[in-house]
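> Structure, please.
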Amino acid sequence: MTPHNSFNLKLSLLATSLLAAGVAANPIASNDTAQTLVKTIVENGANNALNKSTKNVSKVNIELKDLGRSVTILDDDILVERGVEDIRKAFDYVAGFNIAGPGQQSFISRGVSSNLSNIMVDGLRSLHGQKNGGGSVAPSTFNVEEVVFLKGPEGLLYGSGITGGMVNVVTKMPEKEASTQVSLKNKTWLAGDVGYFSRNNTSFYLDSTGQLGQEDLLYRSIIQYTPTGEYFQKGRSIDEKLVDISLVSTHIKDTRLTAKYESLDRFKTGGTGEVDGVFDESYFTGSITEFGKPVNRDAYYGSHLDKGSNKVSSFLFIAETQLDDEWELTAKYKQGKSKSRAMDLRIDDDINLITNDQGEEVPNIGAEWVERLWTATSGDQKYKLLDVTLDGKMSIASMEHQLFIGANYRDMNAKYRASSQDEDLAKGANQINAADPSQQTIGAIPSDLLVESRDPLKTKDLNIFVRDNIALSDSFNLVLGLAYVNQKREETRTQRDDSVDVYSKSFSDTIWDLGAVYALNDAHNLFATYSRSYDPISARTISLYGIDGYNYKAIEGKNLELGIKSQWLDDSLTSSITLYQLDKSNSYEYERQPAGSDKKYHLIQLNGHSFRSKGVELDISYQVSDRLSSTMSYAYTDAAPTQGTSTGIQASGTPKHAIALWNNYQLNDEINLNLGVRHETVRTVGGGSDFTKGMTLPAYTEIDMGASYVTGPWKTSASLRNLFDANHAQAGMRYVDIQPSEPRSLDVSVTYTF
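Residues are numbered from 1 along each chain as shown. Down below sits the predicted model:
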């Protein structure tokens with residue numbers, strides 16, 4: 001840990017202590033006020049209360065203490081007070097979860113990279129991102145009720161591919177009590193190199209809900225409009241419109257019907273999908289072993305012609321029927337489509353290689369002028385999702401069973417195209433000065449990149465499962481689950497010479513999990529879970545990099561976790577401790593091929609045991625007093641390949657130690673104060689190219705603080721993120737550029753409720 005990071009961490013811990021001390025020095029005046037404050041604090045800090053029941057993790061209504069999983073839940077109040085405007089920022093205070101990198105197409109949990117589709121929306125795989133925004137992207141939090149983070153595999157209920165963890169984004173639904181909120185939100189940056197209040201991201205927000213003429217028909221309408229949202233980097237902005245309209249009918253007895261329509265219309269200038277990168281201090285020394293402090297982080301190293309659009313719409317229908325006192329049937333159907341286009345003038349590793357005296361291609365680190373090339377992407381996607389579950393209770397052989405049977409199906413058809421300018425034609429035409437990005441040349445966009453033809457990609461997934469929760473006694477439950485998974489994938493890829501390659505393959509297998517929960521007493525539950533995951537390699541990956549004739553096997557994983565969930569001090573303190581070991585087989589890596597080969601990289605499968613992750617996860621929520629609550633999330637992750645060229649190297653993007661603290665102090669009925677600190681140790685960069693393997697990103701500490709003021713129908717909230725403006729490399733996918741962390745920013749929102 002650097003002296004600066006150490007100082008920031010100590011300062012935050014000291015501030016926490018001072019907040020706690022302030023409670024003792026400022027007693028609450030009356031019982032009525034005390035009850036109000038307790039209610040507010042408990043609601044704000046209840047995201048991990050172990051007696052909270054939810055269907056948003058395991059699909060059945062179960063208290064968190066009875067769930068044999070490591071789970072963190074952030075509700076909408078938490079998201080607002082922490083200034084979380086999109087799902088990526090929600091990851092900040094959940095130790096052990098990380099966004100994988102600049103492309104935003106995957107996230108990391110327990111050292112395992114997971115596809116964007118493992119971010120569920122209302123329990124369904126609604127996100128289908130491709131590189132350069134060739135599909136839907138990680139959603140805004142404009143209509144989010146809560147975000148659920150589950151660590152470890154849960155493919156049995158949601159389908160194959162969930163190995164390290166999953167995220168479930170739960171959207172807001174209609175409520176019976178009428179309410180309308182109108183908000184104005186603004187984000188601005190406050191740092192010497194990016195300006196003070198000079199670049200702003202302003203949005204308008206409306207949320208209205210209530211009865212629609214009669215008690216059994218409810219509505220909710222949520223709209224957010226961002227006319228010109230500027231980023232801290234000059235030349236980058238976003239214009240977007242977000243709409244969520246939903247209806248709920250309870251007219252049929254014991255049945256709840258929900259219909260929801262969502263729409264997103266987004267237009268970006270600059271940084272539409274590639275690395276929004278800058279250069280770091282190490283680059284200018286001509287020798288990089290560790291990514292250093294970003295330089296010119298306020299600059300965009302693309303062109304003023306870079307732009308991208310993304311339009312997404314979906315319709316969701318949910319039917320929930322109580323068949324009798326014991327059995328409930330739930331069916332969800334969702335269909336959606338997306339259309340995206342992007343054009344970027346981007347920096348690339350390969351075009352910047354030089355040949356050394358030994359005839360080897362090596363990075364041209366430290367070069368004053370850097371080559372770029374044009375890249376165009378376009379995608380059209382349509383998908384249909386179906387999820388049906390039946391759960392209920394029965395008595396068999398004098399034992400109580402909670403049986404859960406279900407199936408989910410995905411049918412996705414996409415057309416996608418990614419084309420890059422020929423390197424020989426790009427060299428010398430699109431250069432940019434690494435130290436002074438205002439000096440650059442911009443060549444003409446090649447006509448062949450404007451072609452609208454796209455290659456089809458078809459995916460069909462079927463998952464059928466059964467899970468039985470058996471009460472062997474009043475204190476001991478056994479969980480048995482089994483699922484059949486089937487995938488059919490086909491991808492067509494047009495080569496530069498107009499030849500067409502088609503890759504098609506089907507996978508099928510079974511996955512299972514075994515679990516047990518033992519109640520030591522009313523306050524302490526022990527749990528153990530052993531589960532198998534199954535993750536076929538994508539058709540696109542094999543079509544791009546696969547070796548002709550090689551039969552690639554699916555990646556398999558086995559995960560064992562043991563833990564204890566406890567409530568202490570009259571339930572004012574809750575804790576969850578999990579120890580786990582996750583093993584994978586048949587992982588893969590990329591092997592660079594000599595110049596002139598048909599493919600730049602070959603996909604090499606590592607047969608047999610190929611990866612191990614083991615660690616400890618700790619979540620604590622403490623109601624310190626009537627005024628002060630505190631939460632802590634900590635993860636120790638020791639994860640590395642056991643085969644291949646990266647054997648023994650910590651998994652990409654995964655710190656060994658990560659900790660996040662958040663404190664909420666209710667000064668009085670009107671004023672609420674927040675203070676948070678996040679720290680991650682050194683992270684390894686793994687997969688951007690052969691030249692970045694084993695390189696590291698420095699440890700960092702960021703401190704956030706916020707406050708809210710409520711008077712009558714008005715609420716004003718402000719959060720200051722990255723208080724001390726820690727400037728560090730957030731991600732590094734290439735040796736030539738890195739993604740900088742966001743500078744200090746101020747988020748302010750004013751809300752009127754009537």
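> Name the residues of the biggest strand by length in the chain that come out as buried.
Ranked by residue count and defined by DSSP state E, the top strand of the chain is strand 372-396. Using 16 or more other Cβ atoms under 10 Å as the burial criterion, the residues of strand 372-396 that qualify are 372-381, 383, 385-392. No exception for glycine: its C-beta is placed from N, CA and C like everyone else's.
> and that strand, how far out from the chain's middle?
16 Å (Cα atoms, centre = their mean, to the nearest Å).
> who does that strand pair up with?
strand 328-347 (antiparallel), strand 399-420 (antiparallel) (DSSP bridges).
> Residues in contact with stretch 313-329: which ones?
Stretch 313-329 is contacted from outside by 122, 124, 126, 254-264, 330-338, 388-394, using Cβ atoms under 8 Å, 6 or more residues apart in numbering.
> Can you lay out the strands paired with strand 372-396 as TSV showing mean pLDDT?
Formatted as TSV, the strands paired with strand 372-396 follow (pLDDT from 0 to 100):
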stretch	mean pLDDT
strand 328-347	92
strand 399-420	90
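> tell me the most buried of those?
strand 328-347 (a mean of 21; mean count of other Cβ atoms under 10 Å).
> quick one: that strand to chain centroid distance?
Counting by Cα atoms, centre = their mean, strand 328-347 comes out at 15 Å from the chain centroid.
> Hmm, residue 612 is touching residue 642, no?
Yes - applying Cβ atoms under 8 Å as the test, residue 612 and residue 642 come out as touching, 5.7 Å apart.
> Using CSV, list the CA coordinates for stretch 227-238.
Backbone C-alpha positions of stretch 227-238 (Å, rounded to 0.1, in the frame of the first residue of the first chain) are rendered in CSV as follows:
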residue,chain,number,x,y,z
PRO,A,227,-30.2,15.7,-23.1
THR,A,228,-26.4,16.2,-23.1
GLY,A,229,-24.5,14.1,-20.6
GLU,A,230,-20.8,15.1,-20.6
TYR,A,231,-18.0,12.9,-19.4
PHE,A,232,-14.8,14.1,-17.7
GLN,A,233,-13.0,13.5,-20.9
LYS,A,234,-13.3,16.2,-23.6
GLY,A,235,-15.1,15.0,-26.7
ARG,A,236,-17.2,12.4,-25.0
SER,A,237,-20.9,12.8,-24.2
ILE,A,238,-24.2,10.9,-24.1
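> quick one: average pLDDT of that stretch?
For stretch 227-238, the mean per-residue pLDDT is 90.
> Stretch 630-638 too?
pLDDT averaged over stretch 630-638 gives 96.
> again, but for stretch 675-687
Rounded mean pLDDT across stretch 675-687 is 88.
> Give the buried residues for that stretch.
675-681, 683-687.
> cool, and stretch 523-543?
Applying 16+ other Cβ under 10 Å to stretch 523-543 flags 523-529, 531-540, 542-543 as buried.
> Mind checking which of these are in helices?
539-540, 542-543 (DSSP state H).
> that older thread, could you save the strands paired with strand 372-396 as a markdown table and add columns showing distance to residue 159?
As requested, the strands paired with strand 372-396 are exported to a markdown table (distance: least, Cβ to Cβ, whole Å):
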| stretch | distance to residue 159 |
| --- | --- |
| strand 328-347 | 14 |
| strand 399-420 | 6 |
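> Out of those strands, flag the one nearest residue 112.
strand 399-420 (21.1 Å; Cβ to Cβ).
> Please save the CA atoms from the closest one in PDB.
Taking C-alpha atoms only, strand 399-420 is exported to PDB below (Å, rounded to 0.1, in the frame of the first residue of the first chain):
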ATOM      1  CA  MET A 399     -40.500 -35.200   6.300                       C
ATOM      2  CA  GLU A 400     -41.500 -31.800   5.000                       C
ATOM      3  CA  HIS A 401     -40.400 -30.900   1.500                       C
ATOM      4  CA  GLN A 402     -40.300 -27.600  -0.200                       C
ATOM      5  CA  LEU A 403     -40.200 -28.700  -3.900                       C
ATOM      6  CA  PHE A 404     -39.200 -26.300  -6.600                       C
ATOM      7  CA  ILE A 405     -39.600 -27.300 -10.300                       C
ATOM      8  CA  GLY A 406     -39.000 -25.100 -13.300                       C
ATOM      9  CA  ALA A 407     -37.600 -24.500 -16.700                       C
ATOM     10  CA  ASN A 408     -36.200 -21.500 -18.600                       C
ATOM     11  CA  TYR A 409     -35.600 -21.000 -22.300                       C
ATOM     12  CA  ARG A 410     -33.800 -18.500 -24.400                       C
ATOM     13  CA  ASP A 411     -34.000 -18.000 -28.100                       C
ATOM     14  CA  MET A 412     -31.700 -15.300 -29.400                       C
ATOM     15  CA  ASN A 413     -31.100 -14.300 -33.000                       C
ATOM     16  CA  ALA A 414     -28.500 -11.700 -33.700                       C
ATOM     17  CA  LYS A 415     -26.800 -10.200 -36.700                       C
ATOM     18  CA  TYR A 416     -23.400  -8.700 -35.900                       C
ATOM     19  CA  ARG A 417     -20.500  -7.300 -37.800                       C
ATOM     20  CA  ALA A 418     -17.100  -5.900 -36.600                       C
ATOM     21  CA  SER A 419     -14.700  -4.700 -39.200                       C
ATOM     22  CA  SER A 420     -11.300  -2.900 -38.800                       C
END
